[in-house]
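Q: Predicted model, plus sequence, below.
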Amino acid sequence: MTAQPPAFFEGTEMPTTGWWEVLWPDPAAVLKAVGLEPEMDAVDLCSGNGWVTLPMARMARRVLAVDIDAAMLDAARAYLEQHRVANVTYREADAYALPEFAQDADFIFMANAFHGVPDRPRLARAVREALKPGGRFTIVNWHPRPREETPVLGEPRGPRTELRLSAEQTTAAVTAGGLMHVATVELPPYHYGAIFRR
C-alpha cells in the first residue's frame, strides 16, 4: 500500500480492480436501497475510482464527486467519460470542508470510509451544513464481523476488524452531529446502510 496524505481517513484505501464488481454487481440497486431517487442533486463523498459515481450520475440530476486523492478523481473522471456521463463535477478536497463548496444537496453518500473518520460528529455536522432541509445522508459500512469472515475474491477484505463500526455506533456518531436517523437497511453480503435526514 502506498503512503497516504495526512488527511486520509484510516483504513479507507481503494480496493483493487474487480473487487467492487464482485461484491456489488448492481451498485444502482444499492443506491436505491439507501434512498437515492431520480433527479436528486447528489454528492459521492470519498468517491474513489467512480464505481458508485457512475450509477449515481445515471439516476441523479447532478453529482459532485469528492475525494482527497487526485489520482482517484482522475480515474473516476476517465471512467465516467468512457461511459459518456457529463453531469458530474469533481472536487479534490477534505471531507470536513464539504460546506465550503457544496450546499443544498438532496443526497450525500459515503461508502466504506466512515469507520476511519477521526471526528465523526464533526463530519456529520459538515454534511448537515451541505444538505438542504430534509436532505439525506447515507453511510454504507461493513458489519463489525471479523475480517476473516468477509472474503471477496477468496481473500479477507475490508477494514481491520477493530476499525469496524456497528450500525448503532454509526448512528450515535451521526446523530451527535445533528442529523436524525431514519432507517438502517441490510446490504448483503457484508454491509449495512444507515440513512439520516437533516
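A: Perfect, thanks for sending it.
Q: Using the three-state scheme, assign the residue nearest in space to the middle of the chain.
A: The chain has residue 110 as the residue nearest its centroid, 1.8 Å off, counting by Cα atoms, centre = their mean. Three-state call for residue 110 (DSSP: H, G, I helix; E, B strand; the rest coil): strand.
Q: is it in a bridge, and if so with what?
A: residue 45, residue 139 (DSSP bridges).
Q: Give me the distance between it and residue 81.
A: 24 Å (Cβ to Cβ, to the nearest Å). For the C-beta atoms, the positions are set from N, CA and C on the backbone; glycine is no exception.
Q: my guess is residue 186 contacts residue 194, does it?
A: No: applying Cβ atoms under 8 Å, one finds residue 186 not in contact with residue 194, separated by 11.2 Å.
Q: Compare these two (neighbour count), which wins?
A: residue 194 (26 against 12; other Cβ atoms under 10 Å).
Q: And the strands in this structure?
A: With strands called from DSSP state E, the chain shows them at 41-45, 62-67, 88-92, 105-111, 131-142, 151-152, 155-156, 180-187, 191-197.
Q: Just put those strands in TSV and tack on distance to residue 56.
A: Listed next are these as TSV, based on distance: least, Cβ to Cβ, whole Å:
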stretch	distance to residue 56
strand 41-45	6
strand 62-67	5
strand 88-92	8
strand 105-111	7
strand 131-142	11
strand 151-152	22
strand 155-156	27
strand 180-187	15
strand 191-197	14
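Q: who's in contact with residue 129?
A: 98-99, 103 (Cβ atoms under 8 Å, 6 or more residues apart in numbering).
Q: Could you list the low-pLDDT ranges of this protein?
A: The model of the chain has pLDDT under 70 over residues 1-17.
Q: who's in contact with the longest helix seen in it?
A: Using DSSP state H to define each element, the chain has its longest helix at helix 70-82. Here helix 70-82 makes contact (Cβ under 8 Å, 6+ apart) with 14, 47-51, 53-54, 57, 65, 67, 88, 90-92.
Q: buried subset of the residues you listed?
A: 14, 47-51, 53-54, 57, 65, 67, 88, 90-91 (16 or more other Cβ atoms under 10 Å).
Q: Burial check on residue 21, number of neighbours?
A: The number of residues near residue 21, taken as other Cβ under 10 Å, comes to 12.
Q: Tell me who's in contact with it.
A: residue 51 are the contacts of residue 21 under Cβ under 8 Å, 6+ apart.
Q: Then residue 137?
A: Contacts for residue 137 (Cβ under 8 Å, 6+ apart) come out as 107-108, 110, 124, 127-128, 131, 174, 179, 195-198.
Q: Same check on residue 96?
A: With Cβ under 8 Å, 6+ apart, residue 96 has these contacts: 119, 122-123, 126.
Q: Try it again at 6 Å.
A: For residue 96, the contact set (Cβ atoms under 6 Å, 6 or more residues apart in numbering) comprises residue 126.
Q: and the end-to-end length of stretch 44-60?
A: Taking Cα to Cα, to the nearest Å, the first and last residues of stretch 44-60 lie 11 Å apart.
Q: where does residue 90 sit relative to residue 116, distance-wise?
A: Applying Cβ to Cβ, the value for residue 90 to residue 116 is 21 Å.
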